[in-house]
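> predicted model follows, preceded by the sequence.
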Amino acid sequence: MYWPASEVYLKCAYIDLQSNHLKDALKDSDRALDYALKAENPNRQRQALHIKGLTLIQMGEIDACLKIMDELNGLVRDSHNPDNMHYIHHLQGEIKLKKKDYAGAIELFQKALSLQSSDPRNKHADYLESLAEAYYHLGDMDKTQEQYERILSLSTGRLDYGDIYALSYYSLGKIFQQKDWKGKAIEHYEKFLDLWKDADPGIPEVEDARKKLAELKDTALIKQQKVI
């Protein structure tokens, strides 16, 4: 009974965080943690603390996140599996990202990813997205593109992150447009919009992709007419 409830609240906390409903994300991560404790499931406890830490960083509550990291660090020690330090490194990287220390964030995100096994199920799309964001802010478009393409290449490793998978097409569309690779930009915007064709109205990325796609197609049509 407790384990499924923890899983449900973890999913809710993730959705809340991605939707920027941060107070709800905190509540749901606390509920996930409570049920994980009752279920005596350390792995779910680590996941709940991790998402709570991400939420606190997003809220700018760095000191509160550091306390969460202390608690999480204890669970990592108790697990006797040093690879579980990936949770800590990811949170440390997000703090660096918040403070605009992009080189430091990249180093920590890479360290977090290095602790994942070769099993594709353990390649977290959210970690790759964090790394892509850091490279983007650093101004390295080639490395940014590489990370989003790594997300698209994942198989089971992206099942829990369908939103990140879809948004990777949108992000790549913007990168290709910036590189003036119009055909590839159109291709990726179209793929993104096809995946989110039933999305709720008003989602900024959907509206922006539609606008950019229309502009690219209009430009391509004008060039075609000039050739004719």
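Alright, I've got the coordinates. Numbers count the residues shown, from 1 in each chain.
> need phi/psi at Asp200.
Phi and psi for Asp200, reported as degrees, to the nearest 10, are phi -60, psi 150.
> how near is it to Gly162?
Per Cβ to Cβ, to the nearest Å, Asp200 is found 15 Å from Gly162. Bear in mind the C-beta positions are built from the backbone N, C-alpha and C, glycine included.
> also Ser19?
Taken as Cβ to Cβ, the span from Ser19 to Gly162 is 14 Å.
> on that earlier part again, of Asp200 and Gly162, which one has the most company?
Gly162 (11 against 7; other Cβ atoms under 10 Å).
> and the more buried one, what pLDDT?
In this model, Gly162 is scored at 90, pLDDT.
> below-threshold pLDDT in the protein: ranges please.
In the predicted model of the chain, residues 117-123, 157, 219-228 satisfy pLDDT under 70.
> make sure Gln147 is actually in contact with Ala132.
Yes. Judged on Cβ atoms under 8 Å, Gln147 makes contact with Ala132 at a distance of 3.6 Å.
> quickly note the distance from the closest residue to Tyr170 other than its chain neighbours to Leu128.
Nearest residue to Tyr170, sequence neighbours excluded (Cβ to Cβ, 6 or more residues apart in numbering): Phe192, at 4.3 Å. Distance of Phe192 to Leu128, given as Cβ to Cβ: 17 Å.
> which one's more surrounded, those two?
Leu128 (26 against 23).
> tell me the spacing between the more buried one and Thr144.
To Thr144, Leu128 is 11 Å away according to Cβ to Cβ.
> same question for Ala64.
Distance of Ala64 to Thr144, computed by Cβ to Cβ: 30 Å.
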